[in-house]
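1. Quick one, what's the 3D model for this:
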Amino acid sequence: MYLGNPPWDTNVSPPELLRVIATVKPGNALDIGCGTATNAITLAKNGWMVTGIDFIRRPIELGREKARSAGVKVSLSVADVTTLVLDEKFDLILDMGCFHNLSRSGRDQYTQSISEWLSKDGLFLLYGFLKSDDSQSLRGISPMDINKFKAFLNLTNWQDGMDRHRNSGWFIFQKANGKKV
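-> Numbering: from 1, shown residues only. The predicted structure is shown next:
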């Protein structure tokens, strides 16, 4: 997976993330599926305390090297988001392409974890391919997935896009006080 230059590892943080961090007071951030830590480093350079996780060891190793070179401190770990236990709360959780690849049971556990990990008024930024109605594949974010997040989060922004000839979407959610999964 990381033997060349994967198309998703651009070393550039997306404008959607940059807009959010330009308007939000820094706090604790979690980057799910952080890859080589491009976005974790961007967050750290902007005053955030960042934890990044990815289930593949090589990108985490590369991310640690990149963070050292950038002169920022980020905590990067190899972990499976569907089994990860964290006691910490996060003001910002970022997922650029992890959720849309999970199994149904993995998505259920993931959704529960987001509910537990997101601090009061915290933001959840989700990016992924959208599931087409006619597809039998599980891959992609469906309206049902969005509704599960809306059970405990307010959807504040949804921006459709195209990525490598597939429909994609950016979703920005904010923790809704009092709502539970």
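
2. Now for this protein, the helix or strand with the poorest mean pLDDT.
-> Least confident helix or strand of the chain, by mean pLDDT, DSSP states H and E, is strand 153-163 with a mean of 89.

3. and for that one, what are the contacting residues?
-> Strand 153-163 is contacted from outside by 16, 114, 118, 124, 129-130, 146, 149, 167-176, 179, using Cβ atoms under 8 Å, 6 or more residues apart in numbering. From N, CA and C alone the C-beta is placed, and that goes for glycine too.

4. got it, and stretch 59-70?
-> 2, 9, 34-38, 40-41, 44-45, 52, 54, 73-74, 76-78.

5. Equivalent analysis for stretch 138-152, please.
-> Residues contacting stretch 138-152 (Cβ under 8 Å, 6+ apart): 99-101, 103-104, 107, 111, 114-115, 124, 126, 128-132, 155, 158, 169, 171, 173, 175-176, 179-181.

6. Sort out for me which of those residues are in strands.
-> The strands, defined by DSSP state E, take in 124, 126, 128-129, 155, 158, 169, 171, 173, 175 from the contacts of stretch 138-152.

7. Filter the contacts of stretch 138-152 down to the buried ones.
-> 99-100, 107, 111, 114-115, 124, 126, 128-131, 155, 169, 171, 173, 175 (16 or more other Cβ atoms under 10 Å).

8. center of this structure, which residue is that?
-> Nearest residue to the geometric centre of the chain (Cα atoms, centre = their mean): Asp95, 1.1 Å.
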